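**Q** kindly return the folded structure for what I paste below:
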Amino acid sequence: MTPRPLWNDTVFRVTSDSRWRAQYRLLQSWYRETVLNEPPDLGTNGRLVGNMLTAAAGAAGRNFLSTDIAAYVEKRIPEVQSANGTIEEKRLRQNMLSSQPLCFNLFGHLRQHPLEAAALLNRALGLEIAQVERIEVEWAPVEGIDDRTAFDAFVEYRTNSGELGFLGVETKYTEPFSATEYVSKIYTSVTESSGLFRAGAAEKLKGSTTNQLWRNTMLALQARRGGFAKGHVVVVACKEDRTAKAAVRGVREQLFAPDDLVREVSLEGLVEHALKRPALAEWANAFQRRYLDLRPVLTD
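**A** The predicted model follows:
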């Protein structure tokens, strides 16, 4: 029987990876082997993928940090599918490098601790979040923008005065924002009628760097119609993610008051704040080990 390759075997290298992305792919391969003690699975090209769990491991919830998070995943999948949402089950259950399981590992945990979530998000984002009412992963308002755009996570909250607000969250790990330049008359209509964007913003924001995040902002504007006094799009990504920063910068430049609609926070920043809260510290340590601590794989 041929022994399986070690987590850092060259067979797992992906030539198209940037050096930055390659380190995080290697981290997931290390975590799979040394923490989960799981074998790698084959990719679509028939080659072993270091950051891919087998179907059996995926079905057992091994891509998630706790049984509670895994149970929420099982509950949420049919809900999203019945609402005609998009959820790729193999990617969610087996791809350790994907931002979709990361989002469940982050907000799927915070939804179990609404008091701590409110304090954490209030501090990390500089917003008046007094009470978290609900958190859902993969959510879109009933009145969307006539496509399948959805928030990776949705946080509904109340301010100290009782006003209802929300965060429409876009999470990134190593994937860039979608480069597809979607265009639609409704995009231009929502952008121009909002009164929040500068003249000509729609034409500038339809480009590949900002298109996906621009659609998130339009989705937030539609969601505000559901009785919310406040609503923000929040980008959560690694602090060194240049593509995420470029998208945020590009959209904010086209807004008269950018803080009123678009905010960003790093994964590292969120974890740093969570580590200071006793009720979240154990989870924050596990999340950091799984996604952010590169020390086990750094070679120079």
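**Q** okay, and the beta partners of the residue nearest to the spatial centre of the chain?
**A** Centroid-nearest residue in the chain: residue 171, 1.9 Å away (criterion: Cα atoms, centre = their mean). Note on residue 171: beta-bridge partners residue 236, judged by DSSP bridges.
**Q** wait, isn't it in contact with residue 106?
**A** Yes - Residue 171 sits in contact with residue 106 when judged by Cβ atoms under 8 Å, with a separation of 6.8 Å. The way it works is simple: take the backbone N, C-alpha and C, and place the C-beta from them, glycine included.
**Q** now do the shared contacts for these two.
**A** Common neighbours of residue 171 and residue 106, using Cβ atoms under 8 Å, 6 or more residues apart in numbering, are 153, 236.
**Q** around residue 15, how many other residues sit close by?
**A** For residue 15, the count of nearby residues is 5 (other Cβ atoms under 10 Å).
**Q** so which residues of the stretch 151-300 of the chain form helices?
**A** 185-194, 201-205, 211-223, 242-252, 267-275, 278-291 (DSSP state H, counting those that start in this stretch).
**Q** worst mean pLDDT among the ones you listed?
**A** Mean pLDDT is lowest for helix 185-194 among the helices of the stretch 151-300 of the chain, at a mean of 88.
**Q** quick one: that helix to helix 211-223, angle?
**A** Relative orientation of helix 185-194 and helix 211-223, computed by axes from the mean of the first three to the mean of the last three Cα atoms, to 10 degrees: 60 degrees.
**Q** only alpha carbons, please: show helix 185-194 as CSV.
**A** The C-alpha coordinates for helix 185-194 follow below in CSV (Å, rounded to 0.1, in the frame of the first residue of the first chain):
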residue,chain,number,x,y,z
LYS,A,185,-30.4,48.3,-15.3
ILE,A,186,-31.5,47.7,-11.8
TYR,A,187,-27.9,48.1,-10.5
THR,A,188,-27.7,51.6,-12.0
SER,A,189,-31.2,52.4,-10.8
VAL,A,190,-30.5,51.4,-7.2
THR,A,191,-27.2,53.2,-7.2
GLU,A,192,-28.4,56.5,-8.6
SER,A,193,-31.7,56.6,-6.7
SER,A,194,-30.0,56.1,-3.3
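**Q** elements contacting that helix?
**A** Judged by 3 or more Cβ pairs under 8 Å, 6 or more residues apart in numbering; DSSP states H and E, helix 185-194 is in contact with helix 201-205, helix 211-223.
**Q** related to what we said a few turns ago, closest to residue 164 out of the helices of the stretch 151-300 of the chain?
**A** helix 211-223 (11.2 Å; Cβ to Cβ).
**Q** list the beta-bridge partners for residue 265.
**A** Beta-bridge partners recorded for residue 265 (DSSP bridges): residue 236.
**Q** hmm, residue 201 and residue 254 touching each other?
**A** Yes - using Cβ under 8 Å, residue 254 is in contact with residue 201, at 4.0 Å.
**Q** the spatially closest residue to residue 113 that is not a sequence neighbour: neighbouring residues, count only.
**A** What sits nearest to residue 113 in space, not counting adjacent residues and going by Cβ to Cβ, 6 or more residues apart in numbering, is residue 279, at 6.1 Å. Applying other Cβ under 10 Å, we find 12 residues neighbouring residue 279.
**Q** where does the protein dip in pLDDT?
**A** Within the chain, the ranges that satisfy pLDDT under 70 run 1-2, 300.
**Q** what ranges do the strands span in it?
**A** Along the chain, the stretches classed as strands by DSSP state E are 40-42, 48-53, 131-139, 151-158, 164-171, 230-237, 262-266.
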